[in-house]
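A.B. asks: Please work out how this folds:
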Amino acid sequence: MDNQLILLIETATSNCSVALSENGKIIAVKEANEQNIHASHITLFIHELMKNTGKKYTDLKAVAVSKGPGSYTGLRIGVSTAKGLCYALDIPLLGVDTLEAMACGLLLQNEISDSELLIPMIDARRMEVYTGVFKSNLELVEPVHAKIIDEFSFDQLNKGNVILFGDGSTKFKQLFASKTNIEFKEYTNSATDLNQIAWRKFKNQDVEDTAYFEPFYLKDFFINSGTKNKS
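C.D. replies: Below you'll find the predicted structure:
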């Protein structure tokens, strides 16, 4: 069987991240965690990745992209880049839920017990986050949603520890300082975390309609004037 090469793109947060997966295994990654660099760096990172691994764009069998929720601008750039490559190369597009990829990434980096619940958080400003609640087998306990967090937000989740992680979680450390069942773990979004889900989707031919695929913004985007951006 030919090598199955998949390009992975993650731009849902401040980390601009791309990776190459061959037959389900990561072979290279290029990323930088800085604000507002996606537009200027994403194509350069992909080019460097291909050049440094000796791969050609025509070797790619699919492109996987983190589809959201997350940064409106970051998602637009990542999805537009992925769709452009899929159109040009006539290959499938794989959409990966950002929060599920985060949970998968945390599981790969840590020993997590079956009783612990994973709560990835992407900052949505102020006390709001994009979040969901996952079991250690990635089963959803609470669906992906936008949530305003207060000190009582996770009181109903009292069976075992609750793990908060992602760029939206750190602002709640003081709020939950007295909660012994709530733990915080360091985590940065990476394209490598899309790999397992993307590989499964590729093998199952669970692909997106490239022409109509849009990021999962979760909430409407508003420009500074307060009017909704229809673009």
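A.B. asks: Next, the buried residues of stretch 153-160.
C.D. replies: Buried residues in stretch 153-160, defined by neighbour count with 16 or more other Cβ atoms under 10 Å: 153-154, 157. In this view, the C-beta of every residue, glycine as well, is placed from N, C-alpha and C.
A.B. asks: Give me the distance from stretch 141-149 to the chain's centre.
C.D. replies: 16 Å (Cα atoms, centre = their mean, to the nearest Å).
A.B. asks: Show the average pLDDT along it.
C.D. replies: Stretch 141-149 shows a mean pLDDT of 93.
A.B. asks: Can you give me the buried ones in that stretch?
C.D. replies: Buried-residue list, stretch 141-149, by 16+ other Cβ under 10 Å: 144, 147, 149.
A.B. asks: ok but the second one is inside a helix, no?
C.D. replies: No: counting by DSSP: H, G, I helix; E, B strand; the rest coil, K147 is not part of a helix but strand.
A.B. asks: other SSEs contacting the helix or strand bottoming out on mean pLDDT in the chain?
C.D. replies: The weakest-scoring helix or strand in the chain, judged by mean pLDDT, DSSP states H and E, is strand 140-148 (a mean of 92). Strand 140-148 is packed against strand 128-134, with contacts defined by 3 or more Cβ pairs under 8 Å, 6 or more residues apart in numbering; DSSP states H and E.
A.B. asks: Show me what the strand it packs on is packed against.
C.D. replies: By 3+ Cβ pairs under 8 Å, 6+ apart, strand 128-134 packs against helix 98-109, strand 117-123, strand 140-148.
A.B. asks: Against D206, how distant is the residue nearest the centre of the chain?
C.D. replies: When the chain is reduced to its mean C-alpha position, the nearest residue by Cα atoms, centre = their mean turns out to be T98, at 2.9 Å. Distance of T98 to D206, given as Cβ to Cβ, to the nearest Å: 17 Å.
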